[in-house]
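Participant: Starting from these lines, generate the structure:
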Amino acid sequence: MMKYVMYILLAVGALAVVAEFFHASPLLIFIGAGLGLIPLAGILGDGTEVIAKYTGPRLGGLLNATLGNAVELIITTLALWQGAVNPAVRESSLLLVKASITGSIMGNVLLILGASIFLGGLKHGIQRFDRSQSGINMSMLLLAVIAISFPSIFSQAIDEVNHPGVEYLTLGIAAVMIVVYALSIVFTQRLGHVTEVSHDSGHAPAWSKRQAIIILIVATAAIALLSETLVGSVEPVVTQFGISEFFLGIILIPIVGNVAEHLVAVQAGMRNDMELSLAISWGSSLQIALFVTPLLVFISLALGNPMTLTFTTFEVVTLVAVSLIAAFISQDGESNWLEGVMLLSLYLIVAIAAFFVPV
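Facilitator: Got it, this is the predicted structure:
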């Protein structure tokens, strides 16, 4: 049954591309492109896992970390490129990208981990996990939030004295974050804590290495095409329906970009495997915060649409709140369904606020 659902979603995505040429409703194009990205994300995950088996655990772990958020990276890169070639949408493209970063971190910790803890707690009662690894992840997430907050808090004061100073500060922080991310990979591999995540898409294709590489290339090309369609429909949707780029970026795009990992994390929690669920949700958040975000800073510079790490007050407050509540819930090495309710409640509060608060 799941296989046929994936085929249907792929067909919907293809129809969205066709509909763009016929100037159909931007909302239908946006929805169709988003749905079409879901099975492609799963295919990308399956192909990555096959390649990882041939390359070994160390390189395979790095490959998983690099491609784990490939869909969202492509979407945000195309948004930056669109802002570079069309100055009229430059500000809105930067807003969309930064909101997407915030939404990914928030979604992984609050929505996905919350759902995993809630559903797993209902089924198994109190669930336990490794406190030491959880503590390392919490510390790294707090570090990332502090790093992102510095330009946001001090940008106005710096700009009054040295106009390009904020951009230089952003580049410096981005470089440090990438180094920290690389060192964290070395650290976890040496401790033997690398977790190989299996993306269960309802089937287990026996691909050869060559087939997996070809499938990855084709899936990436299809993702790029659908992402371009998705990003191209954002501005008309915003104009026609009054839905802000900020809401699209902080809520909808992160769900689409990480749906494959989301499903696996929730399923792991329901199997009472909180170690895997935490590894996916925390790991994906750290990838976004410490790797994808600084990488986008350098990509934006190369595209001629520089992005600084100056987030809105709403985003900074959200990230701080996310890191704090996750730290308190994870510090004792145990979880229960009520803690899952707390995480999900905060996600809903932020989602409602993002819809109504003008940014």
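
Participant: show me where pLDDT drops low in the stretch 101-250 of the chain?
Facilitator: Within the stretch 101-250 of the chain, the segments meeting pLDDT under 70 span 160-163, 189-206.

Participant: The most centrally placed residue in the chain: which element?
Facilitator: In the chain, the residue lying closest to the centroid (C-alpha atoms, centre = their mean) is residue 104, at 3.8 Å. Residue 104 is located in helix 90-106, with elements delineated by DSSP states H and E.

Participant: Buried residues, that helix. List them.
Facilitator: Of all the residues in helix 90-106, those buried under the rule 16 or more other C-beta atoms under 10 Å are 90, 92-106. Yep, even glycine has a C-beta here, placed from its N, CA and C like the rest.

Participant: Pick the one among those closest to residue 247.
Facilitator: Nearest to residue 247 out of the buried residues of helix 90-106 is residue 99 (C-beta to C-beta; 7.8 Å).

Participant: For residue 5, see how far away the closest one is.
Facilitator: Noted for residue 99: a distance of 29 Å to residue 5, by C-beta to C-beta, to the nearest Å.

Participant: What of residue 109?
Facilitator: From residue 109 to residue 5 the distance is 27 Å (C-beta to C-beta).

Participant: between the two, which one's more packed in?
Facilitator: More crowded of residue 109 and residue 5, by other C-beta atoms under 10 Å: residue 109, with 25 against 12.

Participant: Show the contacting residues for the more buried one.
Facilitator: Residue 109 sits next to 141, 281-282, 285, 322-323, 326, 343 when contact means C-beta atoms under 8 Å, 6 or more residues apart in numbering.

Participant: Okay, it and residue 208: tell me how far apart.
Facilitator: 37 Å.

Participant: what's around residue 349, how many residues?
Facilitator: Residues lying near residue 349 (other C-beta under 10 Å) number 13.

Participant: In which helix or strand does it reside?
Facilitator: helix 337-356.

Participant: sec struct for the closest residue in space to residue 98 that isn't next to it in sequence, please.
Facilitator: Closest residue to residue 98 apart from its sequence neighbours, by C-beta to C-beta, 6 or more residues apart in numbering: residue 311 at 5.6 Å. Three-state call for residue 311 (DSSP: H, G, I helix; E, B strand; the rest coil): coil.

Participant: so residue 311 sits right up against residue 148, yeah?
Facilitator: Yes - at 6.3 Å, residue 311 and residue 148 qualify as touching, with contact defined as C-beta atoms under 8 Å.

Participant: Looking at the two, which one has more neighbours?
Facilitator: Just comparing residue 311 and residue 148: by other C-beta under 10 Å the higher neighbour count belongs to residue 148, 27 against 21.

Participant: The more buried one touches residue 307, doesn't it?
Facilitator: No - the criterion here is C-beta under 8 Å, and residue 148 misses it with residue 307 at 12.0 Å.

Participant: residues shared between the contacts of residue 311 and residue 148?
Facilitator: Shared contacts of residue 311 and residue 148, defined by C-beta under 8 Å, 6+ apart, comprise residue 319.

Participant: Run the chain-centre distance for the longest helix that the chain contains.
Facilitator: Across the chain, the longest stretch assigned as helix under DSSP state H is helix 209-241. Relative to the centre of its chain, helix 209-241 is centred 15 Å away, using C-alpha atoms, centre = their mean, to the nearest Å.

Participant: which other helices and strands contact it?
Facilitator: Judged by 3 or more C-beta pairs under 8 Å, 6 or more residues apart in numbering; DSSP states H and E, the packing partners of helix 209-241 are helix 2-21, helix 26-55, helix 70-85, helix 90-106.

Participant: Buried residues in it, which are they?
Facilitator: With burial defined by 16+ other C-beta under 10 Å, the residues of helix 209-241 counted as buried are 212, 215-216, 219-220, 222-235, 237-238.

Participant: distance between the helix or strand that it is followed by and the chain's centre?
Facilitator: Sequence-wise, the next helix or strand downstream of helix 209-241 (DSSP H and E) is helix 245-247. Its chain's C-alpha centre and that of helix 245-247 lie 15 Å apart, by C-alpha atoms, centre = their mean.

Participant: which residues are contacting helix 245-247?
Facilitator: 92, 95-96, 99, 234, 238, 354-355, 359.

Participant: and these, which two are the farthest apart?
Facilitator: The largest separation in these, counting by C-beta to C-beta, is between 92 and 355 at 17.0 Å.

Participant: OK, contacts around residue 83?
Facilitator: Residue 83 makes contact with 89-94, 305, according to C-beta under 8 Å, 6+ apart.

Participant: Of those residues, which is the nearest to residue 336?
Facilitator: Of all the contacts of residue 83, residue 336 sits closest to residue 94, with 40.1 Å by C-beta to C-beta.

Participant: Pull up the gap between that closest one and residue 6, please.
Facilitator: 33 Å.

Participant: same question, residue 31
Facilitator: Applying C-beta to C-beta, the value for residue 31 to residue 6 is 17 Å.

Participant: you'd agree the residue nearest to the centre of the chain is up against residue 69?
Facilitator: Yes - counting by C-beta under 8 Å, residue 69 is a contact partner of residue 104 at 7.2 Å.

Participant: rewinding a little: could I get the helices and strands packed on helix 209-241 in a markdown table, plus columns for distance to residue 334?
Facilitator: Listed next are those as a markdown table, based on distance: least, C-beta to C-beta, whole Å:
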| stretch | distance to residue 334 |
| --- | --- |
| helix 2-21 | 32 |
| helix 26-55 | 29 |
| helix 70-85 | 31 |
| helix 90-106 | 23 |
